[in-house]
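K.L.:
A structural model of the following input is requested.
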Amino acid sequence: MKSEAYDLMEEMEDSHWWFKARREIIVATVARYVTNGSDIVDFGCGTGGVALELSGMGYSVVAADNSGRALLTCGEKGLRTVDTSREWIDPQSADCVLAGDILEHVEEDVDLLVKLRRVLRPGGYLIATVPAFEFLWSGEDYVSEHLRRYVRSGLLGTIRAAGYREVWCSYFNSVLFLLVLVATLAKRIFRPRDMYRSDISRLPDWQNEILYRLFVFERYLLRWFRFPIGASLIVVARVV
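P.N.:
Numbering: from 1, shown residues only. Prediction:
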């Protein structure tokens, strides 16, 4: 990611509506499928928000990343870390691997998923999130250095090609999907320079709170409902 993306993550991970709600949805998904106390590798951990929350819930979490800046931040939060630019994660060392918004960064996403599969114990879970729909390409994709966005069928095809079996998959960030779409198209037409800037910015507290509550409500809906459309995708899969 560009340094701007890390700056924003460090500054607003605990306050911005998107970071907060996304974290709660991922954590709730982990809690639904992975037994408390299990070993989890948060691959591409960023500044450690998800890993820290799972650790506080009783999971044994390792934060893995190839960014020295990310690992330094995670270490300062008391998380165990692995620098994947120097060493790989031990084989069959995890009951769950998280890959939160990672696959869109790599050229060979199937190859990466195969490597992550070897980290899992038999019956272990992969839980991954990715951005959805190429027509939502925005400044956030630019600053985060994404290579692609996914549709459900494409993501599941990638998962299966890497040797996993789908357990559950849904779009999310669905309640606000129309707002995201309109905002993206408006920038593309009326403010094209903004397509090279992050979409994340500080908002008035009242606005931030409304967006957070609308987004995080999906945490409850996703227990019973698979959204047919959304700005992101989440998948739970197991080793075949």
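K.L.:
how about low-confidence regions in the protein?
P.N.:
For the chain, residues meeting the criterion pLDDT under 70 lie at 1-9, 11.
K.L.:
what segments of it are helices?
P.N.:
Ranges of helices in the chain, per DSSP state H, are 3-12, 17-33, 49-57, 68-76, 109-119, 139-143, 152-161, 177-190, 205-216, 218-221.
K.L.:
residues near the residue lying closest to Ser85 once chain neighbours are set aside, how many?
P.N.:
In this structure, Ser85 finds its nearest non-sequential neighbour in Asn66, 4.1 Å apart by Cβ to Cβ, 6 or more residues apart in numbering. Heads up, the C-betas are built off the backbone N, CA and C, glycines and all. Close neighbours of Asn66, defined as other Cβ atoms under 10 Å, add up to 13.
K.L.:
and Asn66, what does it touch?
P.N.:
Under the criterion of Cβ atoms under 8 Å, 6 or more residues apart in numbering, the neighbours of Asn66 are Asp83, Thr84, Ser85.
K.L.:
nearest residue to the second one in space, please, no chain neighbours.
P.N.:
Put plainly, it is Thr84. Per Cβ to Cβ, 6+ apart, closest to Thr84 is Asn66, 4.7 Å.
K.L.:
one more: the first one?
P.N.:
For Asp83, ignoring the flanking residues on the chain, the nearest one in space by Cβ to Cβ, 6+ apart is Leu71 at 5.7 Å.
K.L.:
so what does the nearest residue to Gly139 once chain neighbours are set aside look like in phi/psi?
P.N.:
Spatial nearest neighbour of Gly139, excluding adjacent residues (Cβ to Cβ, 6+ apart): Arg197 at 4.4 Å. Comment: the main-chain dihedrals of Arg197 come out as phi -130, psi 150, following degrees, to the nearest 10.
K.L.:
and for the one 3 residues further on?
P.N.:
For Ile200, the backbone dihedrals (degrees, to the nearest 10) come out as phi -90, psi 130.
K.L.:
tell me the residue furthest from the middle of this structure?
P.N.:
No residue in the chain sits farther from the centre than Phe190, which is 29.3 Å out by Cα atoms, centre = their mean.
K.L.:
how much does the lengthiest strand in the chain deviate in direction from helix 17-33?
P.N.:
Among the segments of the chain that qualify as a strand by DSSP state E, the longest is strand 120-131. For strand 120-131 against helix 17-33, the angle between stretch directions is 150 degrees (axes from the mean of the first three to the mean of the last three Cα atoms, to 10 degrees).
K.L.:
I'd like to check what contacts strand 120-131. Which residues are they?
P.N.:
Applying Cβ under 8 Å, 6+ apart, the set of residues contacting strand 120-131 from outside is 22, 26, 29-30, 33-34, 92-104, 113, 116-117, 141, 146, 149-150, 155, 159, 164, 167, 172, 231-239.
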